[in-house]
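1. only the shape, not the letters, is given here:
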């Protein structure tokens, strides 16, 4: 798949792929360091706050994203890591959460992020899976794919400019 977004209505997935000039180690750092991910997670104009990030199988990542201008309500998420292969793969079960950090009942979205060397840079692929077509349609209506694409654009900026 070339860089871009594929909404697969047969398999109820959103698949994104992006190639960066920075290497796998930078991409891995940007996905697993709470300070780094807070600089790029979420769509353009949104601010991410990481409350917990325990990158290990069974560990949790609790975060909130909110528009910087206050134009919409904050969105909370709780992800539980299922697979952690350093510099190669992160998999987690993602769920929207209420103010007490309990899943809000809209379902769990298994997500896999893979990292691969590409010349002197790397390729990052994200596959978010949905339990059924209705859940995928809700994600599409909420512009989840576009939000992910904007976040991955922001990721490139962090990987290329931030020190770690």
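-> It's in. Just so we're clear, the structure is a prediction, and the values are computed from it rather than from any experiment.

2. can you map out the strands along this protein?
-> Shown for the chain, the strands assigned by DSSP state E span residues 4-8, 13-20, 46-53, 60-67, 75-85, 89-97, 103-118, 121-129.

3. each with direction, which strands does the fifth one pair with?
-> With DSSP bridges as the test, strand 75-85 is paired with strand 60-67 (antiparallel), strand 89-97 (antiparallel).

4. dump these into TSV; add mean pLDDT and mean neighbour count as well.
-> Backbone N, C-alpha and C define where each C-beta goes, glycine included. Formatted as TSV, the strands paired with strand 75-85 follow (pLDDT from 0 to 100; neighbours: other CB atoms under 10 Å):
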stretch	mean pLDDT	mean neighbour count
strand 60-67	96	19
strand 89-97	95	19
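
5. among those strands, which is nearest residue 104?
-> Closest approach to residue 104 among the strands paired with strand 75-85 is made by strand 89-97 (4.7 Å; CB to CB).

6. returning to what we had before: take the strands paired with strand 75-85 and lay them out in a markdown table including distance to residue 22.
-> Output for those, formatted as a markdown table (distance: least, CB to CB, whole Å):
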| stretch | distance to residue 22 |
| --- | --- |
| strand 60-67 | 22 |
| strand 89-97 | 17 |
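
7. out of the ones you listed, which gets nearest to residue 83?
-> strand 89-97 (3.7 Å).

8. hmm, back to that, can you list the strands of the chain in a markdown table and add distance to residue 145?
-> Formatted as a markdown table, the strands of the chain follow (distance: least, CB to CB, whole Å):
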| stretch | distance to residue 145 |
| --- | --- |
| strand 4-8 | 5 |
| strand 13-20 | 5 |
| strand 46-53 | 15 |
| strand 60-67 | 15 |
| strand 75-85 | 15 |
| strand 89-97 | 14 |
| strand 103-118 | 12 |
| strand 121-129 | 9 |
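
9. buried ones in stretch 98-109?
-> 107-109 (16 or more other CB atoms under 10 Å).

10. out of those, which one sits closest to residue 49?
-> Using CB to CB, residue 109 comes nearest to residue 49 of these, at 20.1 Å.

11. so for the closest one, what's the pLDDT?
-> At residue 109, the pLDDT value in this model is 93.

12. tell me what it is bridged to.
-> Residues in beta-bridge contact with residue 109 (DSSP bridges): residue 94.

13. could you measure it against residue 146, distance?
-> Per CB to CB, to the nearest Å, residue 109 is found 16 Å from residue 146.

14. output the below-cut-off pLDDT ranges for this structure.
-> Counting by pLDDT under 70, the chain shows low-confidence ranges at 1, 162-164.

15. rerun that using 80 as the cut-off
-> Within the chain, the stretches with pLDDT under 80 are 1-2, 161-164.
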